[in-house]
Each structure stands twice: as C-alpha cells, then as structure tokens.
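[1] Generate coordinates for the sequence data below:
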Amino acid sequence: MNITYVNFPEEAKNAFAYAVSIWEQHISSAVTINIVARWENLEGKIIANGRPATFHKNFAEAPLGNIYYPVALAEKLTGKELNGSKEADIECVFNRLKTWYFGIDGNTDEAAYDMVTVALHEIAHGLGISGFFDNVNDLGEVNNSTTTPSAYDYFVYNSLNQRLADNNLFKSPSAELHSQLTSNNLNFNYSTENESGSAMIYAPNIWNPGGSIYHLKEANINAGEQNELMSPYSYKGEAIHNVGEKTL
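    Down below sits the predicted model:
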C-alpha cells in the first residue's frame, strides 16, 4: 500500500502507517493500493470516514456481472490499474477537531480516540465494506443512477435467506426494501476456500445514516475475541489492533 498524506500531523502518520502494516498482513494485490489520508474539520459527531475512491463493474475479470467492485478489489482481480497509477483507491478523512491518541501500543488515553483503531476501521470501508443501500423518506433504495449493488451489497441476506439486492424481490426504491434494511435481522453470507458462514449486520429498526448495513453487529463478538473492529460505534480509550475473523 502507498499512502499520501494531506495536512496530516507528523505524529499521526506513524499510527496510520502502522494500521496499514496490519492490513498488509491479511491482504495482497499485484497492484499497489493507493490511500489518501486527509486531516480536516468534520461536522458534528463524525470521527472519521473512509470509502473506495471509485467503483467498477462489468470488467472482463469480474466474478459477477452488473455488480460494482471497489477499485482496490477490481484492480486485484484484473491485475492492472483501472484509474491513474497515482490516483487514490481509498480515501480516508479524520476529524482534526477530535482528541486523538497517536501511539501504537494500544495504551489509549480514556479521553482520546485511538488513531490505529480508527484507521483500521476506515481502511476496511475503503477496501470494500461499503455500498449503495440507503433510506430516503422511509423508502429503501440502491442509491446510484443504475440501482446497481456493490459487491458487499450483493451478499446481504435476510432471515429467509433472500438477497436484498434482488430487485425481483425488493424493488428500489420501496417500502419493502426499507423494512428489510431496518429489520435488525440481516446477515452477510460469505464463502472462502475453507468455509462458508455468515456475519450479523448492524441493521437497527431506525435507520442510522453512516452506521446501518456497513458495520457488523457487536453480537458477532465472543468473549475474549477481538472481532469488534467493524462495530458501528467508536469509543474513546478503545484500542482494537486486530482486524478480526468476521471482518476478514
């Protein structure tokens, strides 16, 4: 991974780079993943945000047609650059107005947010825990011009094992899709070379902008395991330097 810092304080760079090094232990790509990390004023309670810079669909190596893949994943699948070689693949913004802990030892002050933890979390969004499900005026929708789901969206299922991105089951926009997105009973169903399983998705009964769908329920966490990286909430004094099996 290659990092470009914009207005980032020197003391924060080491913590961000350490978070990147943790991700590099778990993922690989023949194409360099470019991350832009910005230090800005963000309004309200927002601590940070991360996202893919672009999405791509229907490229020759895409496993599924008419699905948007985040650019870092699309480039891994194609083995080549799909945007400029120096353009961002992942964009992360951190709120300079918050109190931060920049150490990498996990001994985070109770009055500060741990930079390593938040960076790990936001990079996960940039790698692909992101998509287009949205709620507007109590209508659920896939919020882009072609109502095309992301690769993450495609694997979101309800308790009846119905795919939420199936427009034949749940129109976009519709009250039915809204009910699903706020059902508090959704799963991300995954399959790897070694196993298949599911992770419970955060889908509260009241839509939470910026929180719903693209985080995991804290109920995924078993006692003694550190799998809460993709919790919808960040807490001062909390240090999670382990990505977690459910997130992976």
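
[2] Isn't V118 up against Y235?
    No - in this structure V118 lies outside contact range of Y235 using CB atoms under 8 Å: 10.7 Å. Bear in mind the C-beta positions are built from the backbone N, C-alpha and C, glycine included.

[3] more crowded one of those two?
    Neighbours per residue, other CB atoms under 10 Å: of V118 and Y235, the larger number sits with V118, 25 against 13.

[4] mind checking pLDDT for that one?
    V118 is assigned 98 on the pLDDT scale.

[5] which SS state does the spatially most central residue of the chain fall under?
    Geometric centre of the chain, nearest residue: H125, 2.0 Å, by CA atoms, centre = their mean. With DSSP: H, G, I helix; E, B strand; the rest coil as the basis, H125 sits in helix.

[6] mind listing what it touches?
    49-52, 214 (CB atoms under 8 Å, 6 or more residues apart in numbering).

[7] Closest one of the residues you listed to E11?
    E11 has its nearest neighbour among the contacts of H125 in G50, at 20.2 Å by CB to CB.

[8] Could you list the buried residues of stretch 46-65?
    47-57, 62 (16 or more other CB atoms under 10 Å).

[9] could I get these as TSV with pLDDT and secondary structure?
    Listed next are these as TSV, based on pLDDT from 0 to 100; DSSP: H, G, I helix; E, B strand; the rest coil:
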residue	pLDDT	secondary structure
I47	97	coil
A48	97	strand
N49	96	strand
G50	98	strand
R51	98	strand
P52	98	strand
A53	98	coil
T54	97	coil
F55	98	strand
H56	97	strand
K57	97	coil
A62	97	coil
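
[10] Closest one of the contacts of H125 to A15?
    Comparing those against A15 with CB to CB places G50 closest, at 14.8 Å.

[11] partners of that closest one in the sheet?
    C92 (DSSP bridges).

[12] Lovely, talk soon.
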